[in-house]
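Asks: coords below, sequence missing:
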């Protein structure tokens, strides 16, 4: 009986390991047309990582301010000269909004993150970000890639007549949560959203990158860093 249990556990571990490896190694998309990303590198943004979550940091310029002008209505001072980046991420409503720090971790948001939860967009403002920090990955794309990336991010917000809806929830003065499209679960989470954004920008990622290290390794493996 004990031997059967050990074999079952070992089999489960091997299965999970195989899924993780395949998620990193198998490219997505399987092939990419270089013609779709013609042109010189024109735009650099950042991917920010912590042990379980990734965000996109979009540098402030005139076009970014115009696209995200609605953030002013949510009380975000995007015109502050000290702001260098708009930091955007997608995630599960319960876990994302109720867990500003690890000390705030509660059972119910964790449970929802492993089952099914509605989603939110989290937007924060940041000053200078050190590019040599191990949790920061600069990404350079063409002007076409930038346009597709911005379209993907804008399309992730939800609201009537294309106007994103602020939830009136934040961690502090420099961030806000908004309604988002889609549902969050353990298979389709914040890091798969980031990977999808990168693919829209013209990059190749692993097929399934549920955790930040999986996304980072897949980008390196497929020659994107």
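Replies: Great, that's in hand. Predicted model, so just to flag it, every value in this text is computed and none were measured.
Asks: so residue 45 lies in a helix, does it not?
Replies: No: looking at residue 45 with DSSP: H, G, I helix; E, B strand; the rest coil, it is strand, so not inside a helix.
Asks: if I look at it, how far off is residue 103?
Replies: 30 Å (C-beta to C-beta, to the nearest Å). Heads up, the C-betas are built off the backbone N, CA and C, glycines and all.
Asks: which helix or strand in this protein has the lowest average pLDDT?
Replies: helix 2-25 (a mean of 75; mean pLDDT, DSSP states H and E).
Asks: quick one, which of residue 45 and residue 103 is more surrounded?
Replies: residue 45 (24 against 6; other C-beta atoms under 10 Å).
Asks: nearest spatial neighbour of the more buried one, skipping sequence neighbours?
Replies: Closest residue in space to residue 45, ignoring its immediate chain neighbours: residue 58 at 5.2 Å, by C-beta to C-beta, 6 or more residues apart in numbering.
Asks: run a quick neighbour tally on that neighbour.
Replies: Residue 58, neighbours per other C-beta under 10 Å, totals 22.
Asks: how about the one 10 residues further on?
Replies: Using other C-beta under 10 Å, residue 68 has 21 other residues around it.
Asks: and it, backbone torsions?
Replies: phi -110, psi 30 (degrees, to the nearest 10).
Asks: can you pull the pLDDT of it?
Replies: The model reports residue 68 with a pLDDT of 96.
Asks: just checking, it touches residue 79?
Replies: No: using C-beta atoms under 8 Å, residue 68 is not in contact with residue 79, being 11.2 Å away.
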